[in-house]
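Chemist: Any chance you can model this:
(4 chains)
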There are 2 protein chains.
Amino acid sequence: MPDATIRDVARRAQVSVATVSRALNGIEHVSDHARERIADAVKELGYVPHAGARSLSLARTNAIGVVLPDLHGEFFSEIVRGMDREASAQGYLLLLSNLHGGAEQAVLALRAMRGRVDGLIVMAPHLSEQDVAAALPAGLPSILINTRDATRSHPAIHLDNKAGVRAVVAHLVELGRTQLVHIAGPPQNIDAQERAEAFRDAAAEYGVECVIMQGDFEEPSGAAAIDALLDGGHRFDAVFAANDNMAIGALERLQGSGLRVPDDVALVGFDDIPLARHLGLSTVRVRIAELGERALARLLSSLGKEDGGDELHAPELVVRTTSSAGAIQ
Amino acid sequence: MPDATIRDVARRAQVSVATVSRALNGIEHVSDHARERIADAVKELGYVPHAGARSLSLARTNAIGVVLPDLHGEFFSEIVRGMDREASAQGYLLLLSNLHGGAEQAVLALRAMRGRVDGLIVMAPHLSEQDVAAALPAGLPSILINTRDATRSHPAIHLDNKAGVRAVVAHLVELGRTQLVHIAGPPQNIDAQERAEAFRDAAAEYGVECVIMQGDFEEPSGAAAIDALLDGGHRFDAVFAANDNMAIGALERLQGSGLRVPDDVALVGFDDIPLARHLGLSTVRVRIAELGERALARLLSSLGKEDGGDELHAPELVVRTTSSAGAIQ
DNA sequence: ACGGGCTCTGTAACCGGTTACATGACGCAC
DNA sequence: GTGCGTCATGTAACCGGTTACAGAGCCCGT
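Modeler: Sure thing, here's the model as predicted:
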């Protein structure tokens, strides 16, 4: 026997579907008598409303689509946690889609959301805003997180990479370090680009040496960068990795090579994933969950109205043992 | 101007909606002429099909609902990652719902899924299977993960806590430890219960002392348990925490108290979250992502057919430095 | 020339809800 | 008793797709 529909309930309660609908949605003008019979029928039939059908006629789904790239572990859970917190507080569900491939894949993923969600949060640091904007279903309110080339076509939240990086460089300079190394993330990634560029600028401004090594945001690439530096005989007294994952890889390799951290080499990461605290890794705190929460809150509050312009999400330097003061002088 | 519908496309291409639908779904018996005109109209109107409406008439949503409790960080992301991997490989989306409250809240969360998803994965270690089964919409294929009191009413996957715990105790005994402590998880949680019970049984079997401290799966409770033991003057040479979070809290407190790990006290956790590897924490590897992947794969493969019975997910002991051999003897 | 089969197309019903509008019953004031 | 307002209810259209069924046009064999 297939699932009961509202018409089955109506038949059993000997009323019309309109009355059932009104009763179930708590609308007035339904007699107590009818209400009781409907409640009985619902119970007897085990009726559960069909949310899909409801969404269709209401043109409202109570769901928000979330499209994320392949994120390194903790970043993913933190941002989803933040969104979920806000979403469930406001009675929304999250429809999750991962962006594995390139722009064509993105088109499919975004279009699949149309008619399923009331709004969309898209994080695509490897795609241009043009690509994303072109793929977005027209009438779907959307917020972009950390997408490059802001054309202001959609409301967006950007992480203030520049401020974070400047704080790191200032901190390292204050520690007396003069030979800085940056381990960068993948070149297509907008955050990686911004961090590398801000690093170069800040180093120039403070008048310290700087070298940039190529990484890919994954842990092994941090270790590989250290290997390459040591093999090349390059001298350095501070390493700033574009994310914590790579910093952790670098940390293990540095210690494995007999270098003392922070005495010989100071080390700072970016993101402040939970692991960082446990390892004593200095880093830039992004408050990832808060970022997700904020994106969702903004999207929900803008559902009716118009919304535009960018917002900056400000990070904050957290000094721990891998770059504590009082070492070299 | 509202979003274009299939009827708008049909009008513009001067064909019927049936032809448009056939063309867009790649069904045969559509002339090249019609196909072209439809493609043009789609492009000109920026038409994107309405997935919700499609689901309604197909009675198929290509989405899977995932209902999880409040999970400690890494566990959450790992299990969702595994599910997402499998889901996107098979063209499904994930609809996420967190289970914050108790049984009544669960009813609402589960019912909200009806008509939105083709199947459901429910993880509710704090609820009984009766409660969950009662809340599940009747016609919705579902898989339960780690829900208590298997009544076999629904297919389920259970983590083999007993096997994992026995391996831990055997390992500790082999290290020569004789005074074991277990830091348990919240009493309502079925995994916590099973682990505590298995611990008691295994300790009895091996003839070693055992004490059970109450924790709540969060990190501070691990530290608190150590404090309580030390304050009470209790002697022990091994600690087994019911999850890695608490083990980490315990580790920091042990070291902070001047005890050597593993020399004075061996320490083992449960789950093998990524952090465990970095801290050298011995633990029981659950392969969380694989668990999620497996649940999803099983659900999808069972969508047409019937499916029943339980499956066990086997964990595996991972020995690292917090319980390495060669210390005490 | 005709019937049969094939391809292409359109009409309209259907999926399961919501709701505008119409209707009927009732109470109340005159 | 009539007229009006209010409340409870039902009918049917609608949301935006899919698809069964019917029909039109064409080719082909006999």
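Chemist: Contact partners for the residue in the stretch 151-300 of chain A that chain B sits nearest to?
Modeler: Nearest residue of the stretch 151-300 of chain A to chain B, counting by C-beta to the nearest C-beta: residue A:275, 5.5 Å away. All C-beta spots, glycine's among them, are computed from the backbone N, C-alpha and C. Residue A:275 makes contacts with A:74, A:244, A:248, A:281, B:274, B:275, B:278, as judged by C-beta atoms under 8 Å, 6 or more residues apart in numbering or on different chains.
Chemist: Of those residues - the most surrounded one?
Modeler: Counting neighbours by other C-beta atoms under 10 Å in any protein chain shown, residue A:244 leads those with 29 neighbours.
Chemist: Dump the contacts of residue A:275 to JSON lines, plus secondary structure.
Modeler: JSON lines is the format used below for the contacts of residue A:275 (DSSP: H, G, I helix; E, B strand; the rest coil):
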{"residue": "A:74", "secondary structure": "helix"}
{"residue": "A:244", "secondary structure": "helix"}
{"residue": "A:248", "secondary structure": "helix"}
{"residue": "A:281", "secondary structure": "coil"}
{"residue": "B:274", "secondary structure": "helix"}
{"residue": "B:275", "secondary structure": "helix"}
{"residue": "B:278", "secondary structure": "helix"}
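Chemist: and which of these is nearest DNA strand C?
Modeler: Of all those, residue A:74 has the smallest distance to DNA strand C: 39.5 Å, by C-beta to the nearest atom of the strand.
Chemist: My read is that that closest one contacts residue A:274, right?
Modeler: Yes: here residue A:74 reaches residue A:274: they are 5.9 Å apart, a contact under C-beta atoms under 8 Å.
Chemist: Residue numbers of chain A in contact with DNA strand D?
Modeler: When proximity is defined as C-beta under 7 Å from any atom of the strand, chain A approaches DNA strand D at A:14-19, A:22, A:28-31, A:33-34, A:53, A:56-57, A:59, A:115.
Chemist: For ChimeraX, write a command that selects the buried ones of the residues you listed.
Modeler: With 16 or more other C-beta atoms under 10 Å in any protein chain shown as the burial test, the buried ones among these are selected in ChimeraX as follows:
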select /A:15,19,22,30,34,53,56,115
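Chemist: what about the helices in chain A?
Modeler: A:6-13, A:17-24, A:32-45, A:51-58, A:73-89, A:103-111, A:129-135, A:161-174, A:190-206, A:219-231, A:244-256, A:274-279, A:288-301 (DSSP state H).
Chemist: Show me the shaky parts of chain A.
Modeler: A:1, A:72-73, A:149-150, A:306-308, A:325-329 (pLDDT under 70).
Chemist: Spatially central residue for it, please.
Modeler: Geometric centre of chain A, nearest residue: residue A:79, 4.5 Å, by C-alpha atoms, centre = their mean.
Chemist: if we can go back for a sec, which one of the contacts of residue A:275 is nearest to residue B:195?
Modeler: residue B:275 (19.1 Å; C-beta to C-beta).
Chemist: Off-centre distance for stretch A:95-105?
Modeler: Relative to the centre of its chain, stretch A:95-105 is centred 14 Å away, using C-alpha atoms, centre = their mean, to the nearest Å.
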